[in-house]
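>>> missing the sequence, but the structure's below:
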């Protein structure tokens, strides 16, 4: 079965091309050209301190022929092993437990796990672990003492990264897997989501920078140097753009392959995201609706039939079944004897919106199992993040927490998110909602796929050179992330607009645009969080203390040893946490909990007999 090409009665599909133009221009300016510039720089020697000269492939020969690159690559990949297991094992198991536990355990799990996403700041968390190397340290944080010796530093670094990221990786995995479990037959959609999550974890791990810079700066004796750290050392510490751009280009190739594979998997599986209507499900009511024979009504007591007033009810006496008169599932003439005898018969039901029917009511055993699983995971996360929580309680007042630092952090972060996600949203409406190429429209995402997982690191050398040439170094505008389009947001929003368009019946405004707007806002908030906690880009473009963002100010404090303990609480001030957490909880309960991810192999979930 292939997904239908939805009719668009009130908006011409050609408008889809027009909506995609800003994304294509944004990708050309901030992705394609900086990538080409990075490749060109990788064939040169020199940098800021001396004149550049073309050297061909000498940088690559030296890099690939030596041990630094391969050691950094191997160590960086090793950092992804435990987070990968958490994402593809713990995450889906917890999501399954919460999904089967019923509405309120599932929603409680979403709310609790949201805190891990809101409060996670790589620089702050890494800084908290450094407290273990201070006198009179005790508890789990003393694990950081192993970072002092070359023999123990790599293993210690891996354990700290795994502990520090457990909560946020688990939370994001659950957010990804829950819609797949609620989209019908869970197997196909869950498998596709698992592949995408695994690729994303590896790609993010390959760009690890903040932990390396804060914890060890690549030492001792380069035992913990990551790919991003190696690139930073070459390009900005040694001012050798050629070798630094070579590392960036090789990293970009790996990320590009991962992005293309992820996009092909999503498009080939015809992945789509649907939005369930605002109805009250069985597990919220607890009382099945009698359908004459005792079969539970899939839409709960008092909920009107999804096909509207005046439409034949599929289970009404003598009413024609939507699959045709005389169907074995019909309750009219010719029904099986079991139905005539009053035996309940499960009937697959799909409403006209294309959304799956609600899940069956959860048993007490499943509810208990879901709550126990949530408590266990949260307990483990609390233990592993205690160094950060303890550090927040002991945080002194420093310049990292001032109003100026917060403005420098959040204003550029939000501005960059609004622009990049806004451009992606327009393209998603065009590609996924209006579908200018019909069923093949999603393949247009391949144009953006090489940059699906690319963060600021692989393009940092080229972008820094461009900002320097424009004379914007040490200026507030330079703090705005140099991306005009968020490719991850483009992928998610396109799949959502595609799913909405299939059920919209030609109503583009009410069926696609309005229902997808909340997701655009949610993704803009997520990108703003990532921008605010980024260390690499603001550290490259500002040197004046009055322009420092919070992560840069924290690193400056740690490097200068100006305080007895790191100010790990500056990155997550209470006011910001409260506002973001409230917004995320509302999004989880009112919108994200209604999402369902489906593939062509997914079948609509049916209520039990």
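Received, thanks. Computed from a predicted model, the values in this text were never measured in an experiment.
>>> can you show me the helices along the stretch 301-450 of the chain?
Shown for the stretch 301-450 of the chain, the helices assigned by DSSP state H, counting those that start in this stretch span residues 337-340, 364-384, 386-393, 403-428.
>>> go ahead and confirm residue 373 touches residue 95.
No. Between residue 373 and residue 95 there is no contact under Cβ atoms under 8 Å: 9.6 Å. Any C-beta I mention is one placed from the backbone N, CA and C, and that applies to glycine too.
>>> and the helices of the stretch 301-450 of the chain, which is most packed in?
Mean neighbour count (mean count of other Cβ atoms under 10 Å) peaks for helix 403-428 among the helices of the stretch 301-450 of the chain, with a mean of 22.
>>> that one packs against which elements?
Using 3 or more Cβ pairs under 8 Å, 6 or more residues apart in numbering; DSSP states H and E, the elements in contact with helix 403-428 are helix 15-27, helix 487-504, helix 514-533, helix 550-560.
>>> so who does residue 73 touch?
Residue 73 makes contacts with residue 227, as judged by Cβ atoms under 8 Å, 6 or more residues apart in numbering.
>>> just the buried residues of the host helix or strand of it, please?
Residue 73 belongs to helix 68-78 when assigned by DSSP states H and E. By neighbour count on 16 or more other Cβ atoms under 10 Å, the buried set for helix 68-78 is 68-69, 72-73, 75-77.
>>> again with stretch 255-264
Within stretch 255-264, the residues that count as buried by 16+ other Cβ under 10 Å are 255-256, 258-259, 262-263.
>>> nearest to residue 534, of those residues?
Nearest to residue 534 among the buried residues of stretch 255-264: residue 255, at 16.3 Å, using Cβ to Cβ.
>>> could you give the angle of the helix or strand in which that closest one is found to helix 68-78?
According to DSSP H and E, residue 255 maps onto helix 241-268. Here helix 241-268 points in a direction 40 degrees away from that of helix 68-78 (axes from the mean of the first three to the mean of the last three Cα atoms, to 10 degrees).
>>> who's in contact with the residue lying closest to residue 101 once chain neighbours are set aside?
Spatially, and ignoring its direct neighbours in sequence, residue 101 is nearest to residue 370 (2.4 Å; Cβ to Cβ, 6 or more residues apart in numbering). For residue 370, the contacting residues are 97-102, 105-106, 109, 362, by Cβ under 8 Å, 6+ apart.
>>> widest-spaced pair of those residues?
Longest span within the contacts of residue 370, Cβ to Cβ: 109 and 362, 12.9 Å.
>>> so which of the two has more stuff around it?
residue 109 (27 against 22; other Cβ atoms under 10 Å).
>>> these two touch, right, the more buried one and residue 174?
Yes. Using Cβ under 8 Å, residue 109 is in contact with residue 174, at 6.9 Å.
>>> intersection of neighbour lists for these two?
94, 98.
>>> name the element the residue most central in space within the chain belongs to?
Closest residue to the average C-alpha location of the chain: residue 172 at 6.6 Å, with Cα atoms, centre = their mean. Assessed by DSSP H and E, residue 172 sits inside helix 153-181.
>>> with residue 586 instead?
Per DSSP H and E, residue 586 falls inside helix 574-590.
>>> which elements pack onto that helix?
In terms of contacts (3+ Cβ pairs under 8 Å, 6+ apart), helix 574-590 is packed against helix 103-119, helix 514-533.
>>> and the residue nearest to residue 101, what's its pLDDT?
With respect to pLDDT, residue 370 scores 92.
>>> now it: how far from residue 166?
Distance from residue 370 to residue 166, counting by Cβ to Cβ, to the nearest Å: 19 Å.
>>> do residue 549 as well
Distance of residue 549 to residue 166, computed by Cβ to Cβ: 26 Å.
>>> wait, a strand at residue 273?
Yes. Per DSSP: H, G, I helix; E, B strand; the rest coil, residue 273 lies within a strand segment.
>>> just checking, it touches residue 499?
Yes. Taking Cβ under 8 Å as the definition, residue 273 is a contact partner of residue 499 at 4.7 Å.
>>> who has more neighbours, those two?
residue 499 (27 against 24).
>>> what sits against that one?
Contact partners of residue 499, counting by Cβ under 8 Å, 6+ apart, are 272-275, 354, 598.
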